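Asks: Need a 3D model of the following:
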Amino acid sequence: MPDRAPYDLLLRSGTVIDGSGAPRVQADVAILGDRIAAVAPTGSIAPAQARESIDVSGRVVAPGFIDVHTHDDRAVIDGPDMLPKISQGVTTVVVGNCGISLSPLTLDRAPPPPLNLLGDQSAYEFPSFAEYRARLNRVVPGVNVAALIGHSSLRIGTMADVGRKANGGEIDAMRRLLADSLDQGAIGFSTGLYYKPNAAADADEVAALAELLADRGGVYATHMRDEHDKVLDSLEESFSTARRARVPVVISHHKCAGPHNWGRSRETLPVIEAASKTQPVGLDAYPYTAGSTVLDPDHVTGDIRIMVAWSKAKPEMAGRDLAAIAAEWGCTEKEAAVRLHPAGAIYFQMDEADVRRILAFPLTMIGSDGLPHDSHPHPRLWGTFPRVLGHYSRDLGLFPLETAVHKMTGLSAMRFNLPDRGLVREGHAADLVVFDPAHIADAATFEAPKTPSRGLDFVLVNGRLSWRAGETEVDRAGRLLVRG
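Replies: Below is the predicted model of the structure:
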């Protein structure tokens with residue numbers, strides 16, 4: 001092989017699904033450095049033109065998947081190989097969702113729920129986003145990171161009492177922190193209006209912060225105030241706030257939660273579609289009928305199954321159903337939740353027909369919403385993307401494979417303003433995944449949630465072959481991504 005081959009790596013004879021939604025093509029993909037150097041008809045690039053050549057016939061070559069909804073803020077530092085994500089084809093994670101971000105915040109006490117989803121007090125050690133960015137650069141995570149700044153984190157860092165609306169001085173302090181973070185590389189702002197540290201904030205407070213995104217190309221993502229009975233009101237609040245701030249909005253993990261609301265995606269999706277005609281709107285979803293967050297006794301209603309994901313008070317109860325624990329203790333489920341506190345839980349709160357309808361909606365991106373610090377996590381942490389490709393696309397025929405890939409690549413990169421990601425195109429970053437379309441499948445279950453997926457061959461991050469099937473070591477090449 002010549003010493004000065006024009007390409008570093010050649011993926012030969014693959015089926016390229018480029019992330020745009022366009023039909024698949026047979027092509028060779030050549031990589032030089034951290035970029036895709038050529039996408040050419042099969043056989044038009046000789047193997048001798050690359051330092052390394054891999055035959056990927058019978059396999060799909062796709063852009064690396066972008067997990068638009070994660071809580072990996074600390075995981076990319078403490079577990080930088082990011083095996084739960086890279087092993088399912090994810091090459092970029094968007095952190096800082098649901099109003100919860102690791103920076104800019106330091107704490108002198110235990111983090112209040114839901115900030116404890118990211119770790120304990122010691123996890124919050126970054127008073128500025130610049131310091132978080134510097135740590136990421138030193139660690140070099142296995143996947144790329146794009147970061148949102150969380151409203152709850154801003155409130156806790158600037159307010160003595162988050163149980164009320166912020167006053168003018170407090171809003172000004174939050175605006176300074178958010179502006180600095182955006183200027184230091186954060187891509188947007190998130191709210192978690194459902195959660196107690198954020199619930200007292202009104203639309204005026206949110207708009208006063210979100211408007212800082214308008215001139216910076218940032219995005220506003222929101223875990224809405226209510227995904228249950230008042231889901232339509234919460235959608236309207238989200239759209240109205242984004243219009244006032246003149247910013248794009250992403251509705252996080254859209255769902256119609258609770259048995260009383262099953263079937264209401266027939267109402268919510270037309271509302272979202274109508275709003276998208278007049279303003280930039282996106283949404284994400286995960287492919288399961290259960291969600292996961294903190295175990296809040298106020299939200300234990302006795303009408304759905306709840307599984308304990310972790311408990312500081314009773315760690316041995318992780319992985320058990322709350323109803324079984326309550327029966328064993330001779331108390332109500334709500335009383336059991338109090339005894340387990342602080343804790344996390346998996347809530348079986350959605351209807352399968354709603355999940356399918358939302359996944360198939362053209363504006364829906366794929367996001368795992370996985371919680372990497374749970375001792376018994378929701379299986380979405382390890383299985384989200386192969387589950388969409390295998391179960392929903394291939395097995396159920398909910399949408400073509402090209403559409404499935406678009407929902408986790410090109411659409412996501414466009415919505416989060418990451419212009420050189422999400423497509424197999426010359427000049428784009430060489431974030432790529434190679435998988436077997438006939439066998440790709442999730443293997444993680446609610447009983448065994450840390451089981452790796454099947455059918456993936458290897459993953460490239462920024463041009464480096466970072467992970468191969470069956471391996472537990474990652475050649476880390478991730479970086480912080482900033483707005484396009």
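Asks: Need the pLDDT of residue 412.
Replies: As predicted, residue 412 sits at a pLDDT of 98.
Asks: typed the wrong thing, it's residue 483
Replies: pLDDT for residue 483: 85.
Asks: My read is that residue 348 contacts residue 292, right?
Replies: No: using C-beta atoms under 8 Å, residue 348 is not in contact with residue 292, being 10.1 Å away. Where C-beta positions appear, they are placed from N, C-alpha and C, glycine not excepted.
Asks: Would you mind telling me which of those two has more residues around it?
Replies: residue 292 (26 against 14; other C-beta atoms under 10 Å).
Asks: Next one: the nearest residue to the more buried one once chain neighbours are set aside from residue 358, what distance?
Replies: Excluding the flanking residues, the one nearest residue 292 by C-beta to C-beta, 6 or more residues apart in numbering is residue 378, at 4.0 Å. According to C-beta to C-beta, to the nearest Å, residue 378 and residue 358 sit 17 Å apart.
Asks: doesn't the residue nearest to residue 292 fall inside a helix?
Replies: No: going by DSSP: H, G, I helix; E, B strand; the rest coil, the assignment for residue 378 is coil, not a helix.
Asks: isn't it right up against residue 310?
Replies: No: counting by C-beta under 8 Å, residue 310 is not a contact partner of residue 378; they are 11.2 Å apart.
Asks: what's the neighbour count on the residue nearest to residue 292?
Replies: For residue 378, the neighbour count with other C-beta under 10 Å is 28.
Asks: Same check on residue 176?
Replies: When neighbours are defined as other C-beta under 10 Å, residue 176 has 14 of them.
Asks: Look up how far residue 209 lies from it.
Replies: 11 Å.
Asks: again, but for residue 143
Replies: From residue 143 to residue 209 the distance is 28 Å (C-beta to C-beta).
Asks: The two: who's more crowded?
Replies: Neighbour count, other C-beta under 10 Å: between residue 143 and residue 209, residue 143 has more, with 32 against 25.
Asks: Touching, the more buried one and residue 94? I think so.
Replies: No: counting by C-beta under 8 Å, residue 143 does not reach residue 94; the two are 10.7 Å apart.
Asks: If we go by neighbour counts, what in stretch 300-316 is buried?
Replies: Of the residues in stretch 300-316, 300, 304, 306-311, 314 count as buried by neighbour count, 16 or more other C-beta atoms under 10 Å.
Asks: cool, and stretch 383-400?
Replies: By neighbour count on 16+ other C-beta under 10 Å, the buried set for stretch 383-400 is 383-394, 398-399.
Asks: Please list the residues outside that stretch that contact it.
Replies: Contacts of stretch 383-400 with the rest of the structure, by C-beta atoms under 8 Å, 6 or more residues apart in numbering, involve 65, 67, 88-90, 286-288, 356, 359-360, 366-368, 370, 380, 401, 403-405, 407-408, 435, 437-444, 451, 453-456.
Asks: try 7 Å this time
Replies: Stretch 383-400 has contacts (C-beta atoms under 7 Å, 6 or more residues apart in numbering) with 65, 88-90, 286-287, 356, 359-360, 366, 368, 401, 404, 408, 437, 440-444, 453, 455.
Asks: among these, which are in strands?
Replies: Under the assignment DSSP state E, the contacts of stretch 383-400 contribute 65, 90, 366 to strands.
Asks: beta partners for the last one?
Replies: Read that as residue 366. With DSSP bridges as the criterion, residue 366 is bridged to residue 285.
Asks: any idea what residue 53 is structurally, helix, strand or coil?
Replies: Three-state call for residue 53 (three-state DSSP): strand.
Asks: burial of residue 130, as a residue count?
Replies: Neighbour number of residue 130 under other C-beta under 10 Å is 16.
Asks: dump the residue contacts of it.
Replies: Going by C-beta under 7 Å, 6+ apart, residue 130 touches residue 184.
Asks: Show me what counts as buried in the helix or strand containing it.
Replies: Using DSSP states H and E, residue 130 sits in helix 129-139. Residues of helix 129-139 classed as buried: 129-130, 132-133, 136 (neighbour count, 16+ other C-beta under 10 Å).
Asks: quick one: which of those is nearest to residue 155?
Replies: Nearest to residue 155, judged by C-beta to C-beta, of the buried residues of helix 129-139 is residue 129 at 16.3 Å.
Asks: Not counting sequence-adjacent ones, nearest residue to that closest one?
Replies: Per C-beta to C-beta, 6+ apart, closest to residue 129 is residue 181, 3.8 Å.
Asks: The one you found falls within a helix, correct?
Replies: Yes: applying three-state DSSP, one finds residue 181 inside a helix.
Asks: which residues touch it?
Replies: Shown in contact with residue 181 (C-beta under 7 Å, 6+ apart): 104, 129, 149.
Asks: what do you get for residue 350?
Replies: By C-beta under 7 Å, 6+ apart, residue 350 lies in contact with 255-257, 289.
Asks: Tabulate those in CSV, adding columns for pLDDT, secondary structure and neighbour count.
Replies: Putting these into CSV (pLDDT from 0 to 100; DSSP: H, G, I helix; E, B strand; the rest coil; neighbours: other C-beta atoms under 10 Å) gives the following:
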residue, pLDDT, secondary structure, neighbour count
255, 98, coil, 25
256, 98, coil, 26
257, 98, coil, 23
289, 98, coil, 17
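Asks: Is residue 345 bridged to anything, and to what?
Replies: According to DSSP bridges, beta-bridge pairing links residue 345 with residue 293, residue 308.
Asks: State whether it and residue 309 are indeed in contact, as I suppose.
Replies: Yes: under the criterion of C-beta atoms under 7 Å, residue 345 makes contact with residue 309 at 5.6 Å.
Asks: before we move on, the earlier item: export the ones in strands among the contacts of stretch 383-400 as JSON lines, with columns for distance to residue 296, neighbour count and pLDDT.
Replies: Below are the ones in strands among the contacts of stretch 383-400 laid out as JSON lines (distance: C-beta to C-beta, whole Å; neighbours: other C-beta atoms under 10 Å; pLDDT from 0 to 100):
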{"residue": "65", "distance to residue 296": "31", "neighbour count": "32", "pLDDT": "99"}
{"residue": "90", "distance to residue 296": "29", "neighbour count": "29", "pLDDT": "99"}
{"residue": "366", "distance to residue 296": "26", "neighbour count": "29", "pLDDT": "99"}
